[in-house]
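*Asks:* I'll drop the sequence and a predicted model, then ask my questions.
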Amino acid sequence: MVTAIFLAFVAFIVGLSVQLGRKTKTSSGYYAAGGQIHWFVNGIAFAGDYLSAASFLGICGLIATQGYDGFLYSIGYLAGWVVALFVIAEPLRRLGRYTFADAVDAPFNSKGIQLAAAISTLVVSLCYLIPQMVGAGVLVEPLLGMPHHWGVIMVGGIVMVIVATAGMASTTYVQFLKGGLLIIFSLVLVVAVCRRGLSTAPDQGGSVPFHRHKTIPLVQEDAKTLTAPSSGLAVSEIVTTPLGEKFAKLGKSGISTWWRVDSREDGESFIARETECLVRKADGTRLVNGIPESPVNKIRQVGSLASIAGEPNASTGPVSPVGLIAAIGASGTKVTRWKESRFTDAEGSAVTVYHPSETDGSRLLRPGMRFKVNGTWLERLDFASLMLGLFLGTAALPHILIRYYTVPGAKEARKSTIVAIAAIGAFYVLTLFMGLGAMTSGVLNPADSNMAAPLLARSFGDLLFAFISAIAFATVLGTVSGLVVAASGAVAHDLADRYLALSLSDSSKILLGKIAALGVGAVGIALGIVFKGMNVTFLVGLAFAVAASANLPAIIMILFWPKVTSAGVIASITVGMISSLGLIALCPDMWGLYGLPASQAPIPFSNPGIVSIPLSFVTLVMVSLISSKPNQGA
Amino acid sequence: MLHEPANRDTAPDLAAGYKSKLGLILFFAYAVMYAGFVIINLTNPEMMEITVLWGINLAVVYGFGLILAALGLALAYDSLCRKREEAR
């Protein structure tokens, strides 16, 4: 049934797209839906565009694993709309026709600006495309049993069909539908979480018995030998990771599993904590908790409360949303969280261990689990940089900017932005409850935080899971469609039509846009496969930083500083784009992706905005001042 | 589908200057609130753990407050813009 609902939903979206495609006859219709979308529809479509895989999958996953730090993304993403409404919406609508390049080039008619803005649009769209594609693979893997890369290819293929059939009109109505359904079903999920309440032994409504991971005492025989006499398990190997974590291989009757070794408070005796472990043997065999992996033997779902207000065996019963947060933050409430460690055992097998630890609920409800707000000044700077990038990035995203041209005028642009703020704000409030619900309901896949929200839905039955998964998939489809339209507009409209002045007929512009959409879709598929495994919200945060660095300074200064020159705009876009991409390429997270030690990355922080955004502004001002007297145009 | 006639913006917007100024004022007001949130987190993150309302800590209240403030300011902005547009 899950698969049937999912496929029916996808078929409906593609069918709607084809139907709307028949009405698209002009380039204005293809790139801007003819400027005829109602402001309310456009506002919800804004929400559909914006509430991407990062918002639904990534933020819920981050809150479920890192607590409040995931919610910081919700706050930052929503705050960005304030910039969009108060500073950008109406003036931008008055400036341009179809694209970001149109808007920044409007006062100058400069070839250089057309080229720089088109490249920037392409780069930002591709940066934003990566997490969407990664999210697609994440969703399809458990839902349809396909490998990650097939999920990415499937999304890319469907999006190419959607965009190649109708462009912005179909994208808008798909986004309207998806945005509305996402908010409605997220509300349903939060109501369900509150009605079920919290428990220290969550059993997914009775459908999955809660597995309480064991703790057993270890006895130290000599300096190198530990035994577990009371459990009947024999210790055959002990491994210490570079981070100092100690794991013991305990076995009985030919089945061996890995346990984490902790010192007791006296510092002299030890305990072993049961983990979830995956062993990949050299011959390709995969063992889950000591037994060959199979559909019935997989890594268990985890995430629960170890105690509620000091009680180790307790449940709250139905709670209000406020009561849910208060119970998790109450004194004595502890949450069991899961960490991943990897090492190679004595037989040469690759071992991945997911092991538990308890954290105070109150600690999880304030920043600091992911972002080191108590850390060094560089770590704090990284946090400030992220929040700056989120605040300024929204108003510079090409697929958001083009939506200002789908409404009839500037007033409608303003009104649709307010609808977007209401819809997006409501959704982001819900993310906190969904994330906390997933954190405490025993539904988390410790290997992949991105599936937190769909798995939470599955704990309430297959029907809700099917709808939530289908909507999440449509979320990816819709956002990718919007990005591909924006990117194809950069190629066909900004580069071919305006920069190269190819004098294309209206039908040729549409054809070129569709060909560009196929190319961008193909690149997106490749990148989605390469970046598998990275948290989608983190990746989106980087895309925001690139957008805020490359695009926003130019837009703001054109609107509010009369001395800006075309040379200043070109320099600002170029410097913002190159500096942000360069800082990201050299940051610790990317170093990890390259397979190098993150600590050796040349740039010690991961979010470039605090450097690249001011740099782009300063560049624009300096180059404008230098170039204004001798030559006003470029 | 809810379609509107295309390109209504044929006449110059006489309220544009007022709206632009108002937008900047509201933007800076919100930016101060947002900056306050970031600064507290950077300088005194433990403060965010203080329970302030109905058993909920400052971090959650401030976070929800920022979301609600965005909507409140947006509605106020729209109301003031419409009044000025209708007056012209």
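*Replies:* Alright, I've got the coordinates.
*Asks:* so who does the residue in chain A that chain B sits nearest to touch?
*Replies:* Evaluated by C-beta to the nearest C-beta, chain A has residue A:326 as its residue closest to chain B, separated by 3.1 Å. In this view, the C-beta of every residue, glycine as well, is placed from N, C-alpha and C. The contact partners of residue A:326, by C-beta atoms under 8 Å, 6 or more residues apart in numbering or on different chains, come to B:54-56.
*Asks:* same question, residue A:316
*Replies:* By C-beta under 8 Å, 6+ apart, the neighbours of residue A:316 are A:197-199, A:308, A:323, A:327.
*Asks:* A strand includes it, no?
*Replies:* Yes - counting by DSSP: H, G, I helix; E, B strand; the rest coil, residue A:316 is located in a strand.
*Asks:* run the chain-centre distance for the longest helix along chain A.
*Replies:* The helix of greatest length in chain A, counted in residues with DSSP state H as the criterion, is given as helix A:111-144. Computed by C-alpha atoms, centre = their mean, to the nearest Å, the separation of helix A:111-144 from the middle of its chain amounts to 12 Å.
*Asks:* so which bits of stretch A:498-509 are buried?
*Replies:* Neighbour counts using 16 or more other C-beta atoms under 10 Å in any protein chain shown place A:498-499, A:504, A:509 of stretch A:498-509 among the buried residues.
*Asks:* and that stretch, anywhere near chain B?
*Replies:* No - where contact is defined by C-beta under 8 Å from any C-beta of the partner chain, no part of stretch A:498-509 touches chain B; the two come within 15.6 Å at best.
*Asks:* avg pLDDT for that stretch?
*Replies:* Per-residue pLDDT over stretch A:498-509 has a mean of 75.
*Asks:* could you check how far residue A:278 is from residue A:342?
*Replies:* In this structure, residue A:278 and residue A:342 are separated by 10 Å, where distance is defined by C-beta to C-beta, to the nearest Å.
*Asks:* quick revisit: for the helix or strand following the longest helix of chain A, packing partners?
*Replies:* Following helix A:111-144 in sequence order, the next helix or strand is helix A:148-166 (DSSP states H and E). Using 3 or more C-beta pairs under 8 Å, 6 or more residues apart in numbering or on different chains; DSSP states H and E as the contact criterion, the secondary-structure elements in contact with helix A:148-166 are helix A:2-21, helix A:111-144, helix A:168-196, helix A:462-489, helix A:506-530.
*Asks:* mind checking which of those is nearest residue A:390?
*Replies:* Within the helices and strands packed on helix A:148-166, the stretch nearest residue A:390 is helix A:111-144; the backing value is 13.3 Å (C-beta to C-beta).
*Asks:* was I right about residue A:173 contacting residue A:15?
*Replies:* No - counting by C-beta atoms under 8 Å, no contact exists between residue A:173 and residue A:15, whose distance comes to 11.6 Å.
*Asks:* okay, those two: which has more neighbours?
*Replies:* When residue A:173 and residue A:15 are compared on other C-beta atoms under 10 Å in any protein chain shown, the one with more neighbours turns out to be residue A:173, at 23 against 10.
*Asks:* which strands or helices does the helix or strand that contains residue B:19 pack on?
*Replies:* Secondary structure assigned from DSSP H and E places residue B:19 in helix B:16-43. Packed against helix B:16-43, as judged by 3+ C-beta pairs under 8 Å, 6+ apart, are the following elements: helix A:68-83, helix A:89-95, helix A:377-393, helix B:58-87.
*Asks:* and the second one, how far from the chain's centre?
*Replies:* What it means is helix A:89-95. Using C-alpha atoms, centre = their mean, the distance from the centre of helix A:89-95 to the centre of the chain it belongs to is 29 Å.
*Asks:* can that helix be found next to chain B?
*Replies:* Yes - Helix A:89-95 comes into contact with chain B (C-beta under 8 Å from any C-beta), by way of A:90-91, A:93-94.
*Asks:* now rank those by neighbours and give me the top one.
*Replies:* Comparing the residues of helix A:89-95 next to chain B by number of neighbours (other C-beta under 10 Å), residue A:90 comes first, having 27 neighbours.
*Asks:* let me see the contact set for that one.
*Replies:* A:410-411, A:413-414, B:13, B:16, B:19-20, B:23.
*Asks:* can you tell me which of the residues you listed is closest to residue A:384?
*Replies:* Proximity of those to residue A:384, judged by C-beta to C-beta, is greatest for residue B:23, which lies at 24.7 Å.
*Asks:* so who does the closest one touch?
*Replies:* If you count contacts by C-beta under 8 Å, 6+ apart, residue B:23 has them with A:85-87, A:90, B:77.
*Asks:* do the same with residue A:176
*Replies:* A:41, A:44-45, A:48.
*Asks:* next one: residue A:626
*Replies:* By C-beta under 8 Å, 6+ apart, the contact set of residue A:626 is residue A:567.
*Asks:* just the element for it, please.
*Replies:* Per DSSP H and E, residue A:626 falls inside helix A:609-628.
*Asks:* distance between that helix and the chain's centre?
*Replies:* For helix A:609-628, the separation from the chain centroid amounts to 30 Å (computed by C-alpha atoms, centre = their mean).
*Asks:* same check, this time on stretch A:317-330
*Replies:* Relative to the chain's own centre, stretch A:317-330 is displaced by 26 Å; criterion: C-alpha atoms, centre = their mean.
*Asks:* direction included, what does the least confident helix or strand in chain B by mean pLDDT pair against?
*Replies:* Counting by mean pLDDT, DSSP states H and E, the weakest-scoring helix or strand in chain B turns out to be strand B:51-53, with a mean of 86. Sheet pairing for strand B:51-53, assigned by DSSP bridges, gives strand B:56-57 (antiparallel).
*Asks:* run through who's touching the partner strand.
*Replies:* With C-beta under 8 Å, 6+ apart as the contact definition, strand B:56-57 has outside contacts at A:322, A:325-326, A:329, A:362, A:365-366, B:48-51.
*Asks:* so after the host helix or strand of the residue of chain A closest to chain B, what's the next helix or strand?
*Replies:* Under DSSP H and E, the secondary-structure element containing residue A:326 is helix A:321-329. Tracing the chain C-terminally past helix A:321-329 and defining elements by DSSP H and E, one meets strand A:334-344 next.
*Asks:* which parts of that following strand are buried?
*Replies:* Burial within strand A:334-344, assessed by neighbour count using 16+ other C-beta under 10 Å, is assigned to A:334-338, A:341, A:343.
*Asks:* save these as a markdown table, and put in distance to chain B and pLDDT too.
*Replies:* Shown next, in a markdown table, are those (distance: C-beta to the nearest C-beta, whole Å; pLDDT from 0 to 100):
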| residue | distance to chain B | pLDDT |
| --- | --- | --- |
| A:334 | 15 | 90 |
| A:335 | 15 | 89 |
| A:336 | 20 | 89 |
| A:337 | 17 | 87 |
| A:338 | 23 | 89 |
| A:341 | 27 | 85 |
| A:343 | 32 | 84 |
